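Novice: here is a sequence together with a model predicted from it:
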Amino acid sequence: MRKLLTPAVLIASLGGLVLALSGDPALERVGYFKSPEGNRVLAYRASADLSAEEARDILTRQPHTDGRLTRAVIYTAPGRDPGHRLTSAPDYLTAAAMVFDPPHGRWSWAATIDPKGRITFEER
């Protein structure tokens, strides 16, 4: 019996392919959540070391809707990223908490884009 990909898994997979083709250094999108209201949480895995400047450049170019929240994180250290669990989160608060709480809180860089488009960066 063949399994069909859900639209969310297909979109996340295609998004990773597009990002990989865009020239970002060894970066793959491993999770994507967008609420019905337009709030987003994105998770990436970098297979090579990134400089802080490269990470900020990547995080600055995240999809964002005015009036909504966007949270993006980049994982570099070995560990667990949320993967498709993020994509299938039931709501924005669950998705956002997923990248803060163990076992998925071990990202290296993060950015939050507020409803007015202001970006706050974090580095660990």
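Specialist: Looks like it arrived, so ask away.

Novice: going along the chain, name the strands of the chain.
Specialist: Using DSSP state E, the strands of the chain run over residues 27-34, 40-46, 70-75, 109-113, 119-123.

Novice: would you confirm that Glu122 contacts Ala111?
Specialist: Yes. Glu122 is in contact with Ala111 according to Cβ atoms under 8 Å; the separation is 7.4 Å. In this view, the C-beta of every residue, glycine as well, is placed from N, C-alpha and C.

Novice: so those two - more neighbours on which side?
Specialist: Taking other Cβ atoms under 10 Å, Glu122 and Ala111 do not tie; Ala111 has more neighbours (22 against 12).

Novice: how close does the nearest residue to the more buried one once chain neighbours are set aside sit to Thr76?
Specialist: Nearest non-adjacent residue to Ala111, counting by Cβ to Cβ, 6 or more residues apart in numbering: Leu59, 3.7 Å away. Using Cβ to Cβ, to the nearest Å, Leu59 is found at 13 Å from Thr76.

Novice: so which of those two has more stuff around it?
Specialist: Per other Cβ under 10 Å, whichever of Leu59 and Thr76 has more neighbours is Leu59, with 22 against 19.
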